[in-house]
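K.L.:
the following block contains a protein sequence and its predicted model.
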Amino acid sequence: MSYIKYKVPDKLKDQIKTALTTIAETKDSKIRRGMNEVTKSIERVQAKLVIMAEDVSPPEILYHVPLLCEEKNVPYAYLSTKKNLGKAVNINVGSSSIAVETVGSGNENILADILKQIAALKK
């Protein structure tokens with residue numbers, strides 16, 4: 001059993017990385033990093049989007065995240081590696097998961113486009 005509920009196409013992964021980098025570089029954006037912070041963000045229904053790495057070891061640490069996201073109606077997706085996820089949000093270490101809480105001014109359309117594509121994947 002895995003926490004990965006669906007396959008994200010490479011093209012969408014690239015768009016997610018680009019979007020995360022843009023959001024992370026915006027001054028008034030807010031991104032939570034790490035499994036504990038992400039879990040709190042989902043439970044408080046502050047997360048607008050959750051991204052998890054596919055190479056987390058042991059995988060049990062992320063089993064609850066997709067379930068929580070579905071329960072709280074928070075969209076989620078996956079990137080290939082923790083390193084890619086960390087790099088996308090401008091940190092020098094890998095991250096198992098991140099949650100976007102505030103996209104920052106001017107980035108609403110970027111997030112809306114990603115959310116539409118994720119919703120289409122899950123149908």
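P.N.:
Alright, I've got the coordinates. Numbers count the residues shown, from 1 in each chain.

K.L.:
every contact and neighbour count from this point should use C-alpha atoms.
P.N.:
OK.

K.L.:
so Tyr3, which of the three states?
P.N.:
Under DSSP: H, G, I helix; E, B strand; the rest coil, the three-state class of Tyr3 is coil.

K.L.:
is Met52 in contact with Ser97, as I believe?
P.N.:
Yes. The pair formed by Met52 and Ser97 meets the contact definition of C-alpha atoms under 8 Å, at 4.2 Å.

K.L.:
what's the overlap in contacts for these two?
P.N.:
With contacts taken as C-alpha atoms under 8 Å, 6 or more residues apart in numbering, Met52 and Ser97 have Leu85 as neighbours in common.

K.L.:
could you pull out the helices in this protein for me?
P.N.:
Secondary structure of the chain by DSSP state H: the helices cover 10-25, 35-43, 64-72, 82-88, 108-122.

K.L.:
between these, which one is closest to Ile4.
P.N.:
Distances from Ile4 to each of the helices of the chain were compared using C-alpha to C-alpha; the shortest belongs to helix 64-72, at 8.0 Å.
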